[in-house]
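Peer 1: Whatever this is, show me its structure:
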Amino acid sequence: MRAHEFQYMEVLTESGRFLGHVFDLRSRGEPEYGAPHEERVVNEVVYGRLGLFERLGLTQAEPKTFSWKAVKAIRDGKLIVDDSVGEQNSG
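Peer 2: You can find the predicted model right below:
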């Protein structure tokens, strides 16, 4: 998959709890410029819940993160993660 395909993808735990939407993917290393590379390792996912005021730009969302290792599957356009994600503020 390409990175842009994750934008606003729903994040659910394995047990079906809704955590929010993907805001960004993070990767270690320097930014890449010029021709796109075929692949880059994703280390972290930034996600959260967007309310109406955030969507309108009136307030800022409070994003959270989890390690890519917590991802269990990508099904039906949704990112499925370990049940432990979302139990803490970040991680």
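
Peer 1: and S27, what does it touch?
Peer 2: Listed by CB atoms under 8 Å, 6 or more residues apart in numbering, the contact partners of S27 are R40, V41, V42, N43. Where C-beta positions appear, they are placed from N, C-alpha and C, glycine not excepted.

Peer 1: and of those residues, the nearest to S67?
Peer 2: S67 has its nearest neighbour among these in N43, at 7.0 Å by CB to CB.

Peer 1: Can you report how many residues neighbour the closest one?
Peer 2: As a burial measure, N43 scores 14 neighbours (other CB atoms under 10 Å).

Peer 1: contacting residues around it?
Peer 2: By CB under 8 Å, 6+ apart, N43 lies in contact with R26, S27, R28, S67, W68.

Peer 1: picking up where we left off before, sort the contacts of S27 by pLDDT and name the bottom one.
Peer 2: Within the contacts of S27, R40 has the lowest pLDDT, namely 77.

Peer 1: close enough to count as contact, that residue and P31?
Peer 2: No - contact status for R40 versus P31: not in contact, 10.5 Å apart, counting by CB atoms under 8 Å.

Peer 1: Looking at the two, which is more packed in?
Peer 2: Neighbours were counted for R40 and for P31 using other CB under 10 Å; R40 has more, 13 against 5.

Peer 1: Against M1, how distant is the more buried one?
Peer 2: Per CB to CB, to the nearest Å, R40 is found 12 Å from M1.

Peer 1: Overlap of the contact sets of the two?
Peer 2: Joint contacts of R40 and M1 (CB under 8 Å, 6+ apart) do not exist.

Peer 1: Considering only helices and strands, which part of the protein has the lowest mean pLDDT?
Peer 2: helix 52-55 (a mean of 60; mean pLDDT, DSSP states H and E).
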